[in-house]
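# whatever this is, show me its structure:
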Amino acid sequence: MSKNNILHYTNKNTTQTLREGLEEYYAKNPFISDPKKLAPEFAKIMLAHDVSHVVYGCDTGMYDELKLLPLIWWTSSYKFRDHLRTLNDPIIGSAVSIMYNDLVKQHGKVWLYSSIFFTLPKLLPELILIWLKARKHKRFFPFLEFEPLLAHSLLKIRQEFELMPFIKPNKP
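The predicted model follows:
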């Protein structure tokens with residue numbers, strides 16, 4: 001990735017606001033379904049997922065996509081049990097289908113499944129380290145109630161919710 005393509009929100013110490021980071025995320029990922037154009041029942045969960053990309057400094061590559069859900073479950077107010085309830089909800093569960101369809105539309109099913117297969121072994125050691133760090137985590141990011149934080153800097157949010165240890169250092 002050239003320096004011109006670096007996403008500012010992925011910079012661990014960025015002072016960009018959450019709102020600015022989210023705008024950058026959508027500008028750099030035009031293939032992602034816009035939550036504003038979706039039914040409100042599941043637009044909120046999709047928007048919260050997108051906000052999580054920004055807060056945790058994750059891009060939309062397979063490595064970061066696979067890392068994001070465990071990060072959310074272990075360091076936010078949205079736990080694995082909440083995720084299971086969401087998947088089983090007949091209305092909100094369709095948000096997951098939309099995210100899946102976005103990935104398939106962008107890359108195709110063969111790429112999706114082969115990418116998961118080849119990425120998981122590389123990701124597993126990092127997930128173990130994240131899990132070990134998260135076991136002592138006490139300040140949980142408000143996954144669905146993030147709106148009051150939109151005007152706050154990402155650095156402040158990451159510090160307030162003790163997320164800095166989970167975000168990779170900046171690339172040179």
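# show the pLDDT at the spatially most central residue of the chain.
Residue closest to the average C-alpha location in the chain (C-alpha atoms, centre = their mean): His53, at 2.9 Å. Confidence at His53, expressed as pLDDT, is 97.
# remind me which residues of the protein are low pLDDT?
The chain contains residues with pLDDT under 70 at 1-4, 95, 171-172.
# let's see it at 90
Residue ranges of the chain with pLDDT under 90: 1-6, 30-46, 60-62, 83-109, 111-113, 168-172.
# in it, where's the longest helix?
helix 109-134 (DSSP state H).
# next, the contact list for Ser102, please.
One thing to correct before we go on: residue 102 is Asp, not Ser. Phe31, Ile32, Ser33 (C-beta atoms under 8 Å, 6 or more residues apart in numbering). No exception for glycine: its C-beta is placed from N, CA and C like everyone else's.
# the first one: what secondary structure?
I take that to be Phe31. Following DSSP: H, G, I helix; E, B strand; the rest coil, the label given to Phe31 is coil.
# how far away is the nearest residue to it once chain neighbours are set aside from Tyr100?
Once flanking residues are discounted, Phe31 sits nearest to Gln106: 4.7 Å by C-beta to C-beta, 6 or more residues apart in numbering. As judged by C-beta to C-beta, to the nearest Å, Gln106 and Tyr100 stand 11 Å apart.
# how far off centre is the one helix or strand Pro70 maps to?
For Pro70, the host element (DSSP states H and E) is helix 62-75. Mean-position distance between helix 62-75 and its chain equals 7 Å (C-alpha atoms, centre = their mean, to the nearest Å).
# what lies in contact with that helix?
49, 52-53, 56, 58, 78-80, 83, 103, 115-116, 119-120, 122-123, 126-127, 130-131, 134, 137, 140-141, 143, 161-163, 166.
# check which element follows the helix or strand harbouring Glu23 along the chain.
If you go by DSSP H and E, Glu23 is part of helix 18-28. Sequence order places helix 40-55 as the next helix or strand after helix 18-28, per DSSP H and E.
# that following helix vs helix 62-75, what angle?
100 degrees (axes from the mean of the first three to the mean of the last three C-alpha atoms, to 10 degrees).
# how about helix 40-55: buried residues?
42-55 (16 or more other C-beta atoms under 10 Å).
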